[in-house]
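>>> sequence-free structure coming up:
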């Protein structure tokens, strides 16, 4: 991604951002992600507090045809009718898992209606000042190119806040990634994503992931005991993994297999939740979490895998917990 940022950006579809980039002649930093809408897995059953949820938190997922991954290319959607909050100031220091400043990454005060864009300084700091009304504002940071992208909801009605240190985690270098291809498995740090053979297009956001290497699949585990505030502890995740190119949609849903780092017993049932970093809110509430698939620990207890009729509809941070 080219350096620089736009200080003010209305949220729109990818085509709108492309037009803005041409007219203004700058490197755009997008608030929305790839415009395609795939499907996969169970409908979400829980969202972050304050975001409308299409179903009650404990509702059972709808029935699905056994053994067939869903192919309809639309999620349930979480837009709702949020109340506008007044934003004036945000400051933060972005650091890695060793506490070192992360310089030169996109850091945004971004709502579902508008984004205020910034870039971290050499010492990891960013300050964003602009009086504006935002719906579902969040501090979105990390970018997804070289560091994990998170979105931390800003819940105060009037937002004038210093968040202090916010942690992200480095991905392996882009050149070490694996191309995403229909019908093939991509493996990164023991995490395997298998794209359906029925997938016709895989389109990472062309502004955020603008080289062949950045379009490749990379993944890593996020340590639970060192997870940032954006990983909501109320979900009681036993494992969190981060996948990039972030917000890339997958239709049909892609199968996911991860190491059984929590050491759960063979056959244990699990639930997988997607972190919403996409302001379109197709698959998860922006800044929140929504269930997208069920799965189980393998018979040899070495891996955790999505069910055959489940999978991931998009790439992001994924939280995994024992089924409730």
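In hand now; what should we look at? Quick caveat, the model's predicted, so the values are computed rather than measured. Residues are numbered from 1 along each chain as shown.

>>> all strands for the stretch 51-200 of the chain, in order.
84-95, 106-110, 114-119, 125-135, 138-141, 150-153, 158-167, 185-188, 191-194 (DSSP state E, counting those that start in this stretch).

>>> redo those as TSV? Include mean neighbour count.
Any C-beta I mention is one placed from the backbone N, CA and C, and that applies to glycine too. TSV is the format used below for the strands of the stretch 51-200 of the chain (neighbours: other C-beta atoms under 10 Å):
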stretch	mean neighbour count
strand 84-95	19
strand 106-110	29
strand 114-119	22
strand 125-135	17
strand 138-141	27
strand 150-153	24
strand 158-167	15
strand 185-188	17
strand 191-194	20
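
>>> how about the ones you listed, which one is nearest residue 213?
In terms of C-beta to C-beta, the element of those nearest to residue 213 is strand 185-188, at 13.0 Å.

>>> in its sheet, what does that closest one sit against?
strand 191-194 (antiparallel) (DSSP bridges).

>>> before we move on, back to that, the strands of the stretch 51-200 of the chain into JSON lines, with extra columns for distance to residue 285 and mean pLDDT?
Below are these laid out as JSON lines (distance: least, C-beta to C-beta, whole Å; pLDDT from 0 to 100):
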{"stretch": "strand 84-95", "distance to residue 285": "15", "mean pLDDT": "98"}
{"stretch": "strand 106-110", "distance to residue 285": "14", "mean pLDDT": "96"}
{"stretch": "strand 114-119", "distance to residue 285": "17", "mean pLDDT": "96"}
{"stretch": "strand 125-135", "distance to residue 285": "12", "mean pLDDT": "97"}
{"stretch": "strand 138-141", "distance to residue 285": "10", "mean pLDDT": "98"}
{"stretch": "strand 150-153", "distance to residue 285": "9", "mean pLDDT": "98"}
{"stretch": "strand 158-167", "distance to residue 285": "18", "mean pLDDT": "98"}
{"stretch": "strand 185-188", "distance to residue 285": "27", "mean pLDDT": "98"}
{"stretch": "strand 191-194", "distance to residue 285": "23", "mean pLDDT": "98"}
